[in-house]
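J.: Output the structure for:
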Amino acid sequence: MTTIIDGKQLARDLNAQTQARVTRLAQRGVVPGLAVIIVGADPASSIYVRNKHRKAGQLGIHSVVRELPATTTQAELLAVVAAYNADPTVHGILVQSPLPAQLDERAIFNAIAPIKDVDGFHPVNTGKLFGNLPGHYPVSCTPQGIMTMLHSLHQPLAGKRAVVVGRSNIVGRPMAALLLNADLSVTVTHRHDPQIRDLTTLADVLVVATGVAHLIKAEDVKPGAIVIDVGMDRGADGKLTGDVDFDAVKDVAGAISPVPGGVGPMTIATLMQQTVDLCEWSEQRGNN
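T.: Next up, the predicted model:
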């Protein structure tokens, strides 16, 4: 029988753990702080930022949302980032993507102090991840949340074959690094590969993050595989769907995450978890 990986319940469990950690910090007079910067009025980004802000408040995290006009210049945005870098009450900084065309997104991400890079996008942190270095550093929240989902299945991962479909810096690349660091054999492919099925059908763990609705069909999946769907697509009926044809694949997979209710809730829960991580690591360094 196929296991449906309930991201909503896993997120609730993770949020409960995060809230308990926040409470313990508060007893020492320490409050984790998250600053989210949004430039312009992209509707999807606005909803996402609002959800982050509300969840942070529920968990006792001090949340600041800085809304900037779409006409903001590179220098103005860098100045805002620098101010939060210097603010000891802010432990995590997130610049909501996408940014207006006049802004250099990579330069903005690089300007965030690595010790406050709650999204795990800074090259110092990605370098540590890909180098599998010891110590504390943030990791991209969606892949980190997926690892929590995989571990919740209580199945051995070491020695398994993983295939990641998608190569973005936000999901595909850090996902491959996390899986490799967990002792899986990892192949990265993408939607432009004409032989993609030759790879996906070999996967014991299949993670799909392409932005192409129902790209992965039942015949693309190895029977019994764990399938994680990162897609957030809109079907012809306007309903949210994933990169995996869930209704067909669930009869083949051993475990599968749905859309909605899978990876999405875990991304926000992991963001909250990592904000508290950054706060605790800062306290350990004596920065509070």
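
J.: for stretch 265-275, which positions count as buried?
T.: 265, 266, 267, 268, 269, 270, 271, 272, 273, 274, 275 (16 or more other CB atoms under 10 Å). Where C-beta positions appear, they are placed from N, C-alpha and C, glycine not excepted.

J.: quick check, distance from it to the centre of its chain.
T.: Distance of stretch 265-275 from the chain centroid (CA atoms, centre = their mean, to the nearest Å) equals 8 Å.

J.: Likewise for stretch 17-33?
T.: Centre-to-centre, stretch 17-33 and its host chain are 22 Å apart (CA atoms, centre = their mean).

J.: Check stretch 255-271 too.
T.: 9 Å.

J.: same thing with stretch 239-255?
T.: Centre to centre, stretch against its chain (CA atoms, centre = their mean), the figure for stretch 239-255 is 20 Å.

J.: what's the span of that stretch, first residue to last?
T.: Distance between the two ends of stretch 239-255: 23 Å, counting by CA to CA, to the nearest Å.

J.: Give me the residues contacting it.
T.: Stretch 239-255 is contacted from outside by 2-5, 153, 165, 208-218, 221-227, 229-235, 256, 258-260, 262, using CB atoms under 8 Å, 6 or more residues apart in numbering.

J.: Going by neighbour count, which of those residues are buried?
T.: 5, 165, 208-210, 213-216, 221-222, 225-227, 229-233, 256, 258-259, 262.

J.: Among those residues, which lie within strands?
T.: The strands, defined by DSSP state E, take in 165, 208, 226, 227, 229, 233, 256 from the buried ones among the contacts of stretch 239-255.

J.: Tally up the residues packed near residue 107, please.
T.: 11 (other CB atoms under 10 Å).

J.: Spell out the secondary structure type for it.
T.: Three-state call for residue 107 (DSSP: H, G, I helix; E, B strand; the rest coil): helix.

J.: Can you name the residues that contact it?
T.: Contacts of residue 107 (CB under 8 Å, 6+ apart): 74, 78.

J.: And it, how close does it get to residue 122?
T.: 12 Å (CB to CB, to the nearest Å).

J.: same check, this time on residue 3
T.: For residue 3, the distance to residue 122 equals 35 Å [CB to CB].

J.: for the record, mean pLDDT for stretch 223-236?
T.: The average pLDDT within stretch 223-236 is 93.

J.: Export that stretch to PDB, keeping only CA atoms.
T.: The C-alpha coordinates for stretch 223-236 follow below in PDB (Å, rounded to 0.1, in the frame of the first residue of the first chain):
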ATOM      1  CA  PRO A 223       7.700   0.400  -8.600                       C
ATOM      2  CA  GLY A 224       8.000   1.100  -4.900                       C
ATOM      3  CA  ALA A 225      10.000   4.300  -5.300                       C
ATOM      4  CA  ILE A 226       9.700   7.300  -3.000                       C
ATOM      5  CA  VAL A 227       8.500  10.200  -5.100                       C
ATOM      6  CA  ILE A 228       8.700  13.800  -3.900                       C
ATOM      7  CA  ASP A 229       6.900  16.300  -5.900                       C
ATOM      8  CA  VAL A 230       8.100  19.900  -5.600                       C
ATOM      9  CA  GLY A 231       6.000  21.300  -8.400                       C
ATOM     10  CA  MET A 232       3.400  24.100  -7.800                       C
ATOM     11  CA  ASP A 233       1.600  24.300 -11.100                       C
ATOM     12  CA  ARG A 234      -1.900  25.500 -12.100                       C
ATOM     13  CA  GLY A 235      -4.000  23.000 -14.100                       C
ATOM     14  CA  ALA A 236      -6.400  24.000 -16.900                       C
END
